[in-house]
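Engineer: Sequence and predicted structure below; questions after.
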Amino acid sequence: MPEWIVFGASALILGTVVIVLLVLAFQSAAPAEPVAEPPGAVRQLGDQFFVPVEVENRGDKGAAQVQVLAELTIDGETVSADQVIDFLGTGETQALTFVFADDPATGELVVNVVGFAEP
C-alpha cells in the first residue's frame, strides 16, 4: 500500500512538471524592444550641454549592443552622437548622457534606438 501512495505522488509531481514545461514551450515571448525615452532636463556646464536619456527594454527578451543615436539640428546643420549599451535585460532601464557644444533648446533634438542584436 505505501508503494502505491509513493507511486501516485510521484506521478502527480511528474505530470505537473510536464504540464508546466508544455505551457512554457508554447508561450510566446515578445521580442526585445529597446526604446529611448524623451531627453530629460539639459544641464549646462561651461561650454557644454549635457542631455540625459533613459533607454528601456519593453520586450520579453534581452537586447545586446543597443545603439542609441542623438541628433541635434540647428539652422539646418545636424550634429550627431551615438552610444552603445552592451546588454539591456527584460524591463531594464539604462541611463545615458549625451554631450553637445550647442544648446539643444535652440534646435531640434531627436534621440532614437537605431539598432540592437539578440543575444
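Structural biologist: Right, received. Where do you want to start?
Engineer: Just the helices from this protein, written as ranges.
Structural biologist: Here the chain has its helices, by DSSP state H, at 2-26.
Engineer: Show me where it dips below the pLDDT cut-off.
Structural biologist: By pLDDT under 70, the chain has no low-scoring segment.
Engineer: For the residue minimising distance to the centre of it, which residues are in contact?
Structural biologist: The C-alpha lying nearest the average C-alpha coordinate of the chain belongs to residue 57 (C-alpha atoms, centre = their mean; 2.3 Å). Counting by C-beta atoms under 8 Å, 6 or more residues apart in numbering, residue 57 touches 32-35, 63, 66, 88-93. In this view, the C-beta of every residue, glycine as well, is placed from N, C-alpha and C.
Engineer: in the sheet, who's paired with it?
Structural biologist: Beta-bridge pairing of residue 57 under DSSP bridges involves residue 34.
Engineer: distance between stretch 12-24 and the chain's centre?
Structural biologist: Chain-centre distance of stretch 12-24: 31 Å, with C-alpha atoms, centre = their mean, to the nearest Å.
Engineer: One more: stretch 49-64?
Structural biologist: Using C-alpha atoms, centre = their mean, the offset of stretch 49-64 from its chain centre is 4 Å.
Engineer: Quick one: end-to-end length of it, please.
Structural biologist: Across stretch 49-64, the terminal residues are separated by 28 Å (C-alpha to C-alpha, to the nearest Å).
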